[in-house]
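> Give me a 3D structure for the following:
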Amino acid sequence: MKPMPLAVLGGSFDPVHNGHLRMAMEAALALDAPVALLPSGTPPHRNAPAASPGQRLAMIELALAGQVRVTIDPRELSRAGPNYTVDTLRELRAEIGPERPLVLLIGSDQFALLDTWHRWQSIFEYAHVGVLRRAGATATPSASVTEHVSTRWAATALDLAARPAGCTVHIHTTLLDISASRIRNDLAAGRSPRWLLPEPVLDYIREHRLYASGF
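Numbering: from 1, shown residues only. Predicted coordinates:
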């Protein structure tokens, strides 16, 4: 019997919200596989998160309480220096062995700019890439990304279980137009972001006065 795939969804999760959670759950169902949220430490492409690594981890733990299909992989939070996805995938591949399928889940907007990532072509040596549709994202992949993946497309997400790495597939998810930046802006302006993120996460933000929350 072939081993069950493992999927990872990276991000700053600053804070984790219902859009993240819905994408992760729907990807888990599409792949018939567990999905691990992979909070970034020091992201190379953007400003440092406003919440500390410990605070972001605590919020994810609250959001996932009682979940089985979606879990947390905190390894990048303790890694010094910039975190590159290819390094994490290489590390995961060494841990799970050469046969188990590994899937990197990314939004379609990120996929369009994949050739700006560190050693991006090597990602396919370690993992498949599952491209998640995101609300409002209409970016077209660059010519180099289009060419590199032209022969890698799988018909369905379940097809990724047939080999350990190297393929690309579209995974359609519910389009929830929620962003962490919108939530942070609402909190800074004293507006409540209720219904955009789990209630325990909102309570944690209020308790720890994160993002200049004054609601």
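> buried stuff in the longest helix along the chain?
In the chain, ranked by residue count with DSSP state H as the criterion, the top helix is helix 18-31. By 16 or more other C-beta atoms under 10 Å, the buried positions in helix 18-31 come out as 18-21, 23-28, 30-31. Placement of C-beta: from N, CA and C, glycine included.
> where does this protein dip in pLDDT?
Applying pLDDT under 70 to the chain picks out residues 43-46, 134-138, 213-215.
> Helices of that one, residue ranges please.
So, for the chain - with DSSP H - the helices run 18-31, 53-63, 85-96, 108-112, 123-126, 143-149, 180-188, 199-208.
> out of these, which comes closest to Thr168?
helix 143-149 (4.7 Å; C-beta to C-beta).
> which residues are contacting stretch 177-185?
Stretch 177-185 is contacted from outside by 12-15, 17-19, 50, 135-136, 193, 196-197, 211, using C-beta atoms under 8 Å, 6 or more residues apart in numbering.
> re the thing from before, identify, from the buried residues of helix 18-31, the entry nearest to Val103.
Of those, the one sitting nearest to Val103 (C-beta to C-beta) turns out to be Leu31, at 6.3 Å.
> That closest one touches Val8, doesn't it?
No: counting by C-beta atoms under 8 Å, Leu31 does not reach Val8; the two are 11.3 Å apart.
> which residues are common contacts for the two?
Common neighbours of Leu31 and Val8 (criterion: C-beta under 8 Å, 6+ apart): Val103.
> check contacts around the residue nearest to Ala165 when sequence neighbours are not counted.
Closest residue to Ala165 apart from its sequence neighbours, by C-beta to C-beta, 6 or more residues apart in numbering: Ala127 at 5.1 Å. Shown in contact with Ala127 (C-beta under 8 Å, 6+ apart): 89, 92-93, 102-104, 165.
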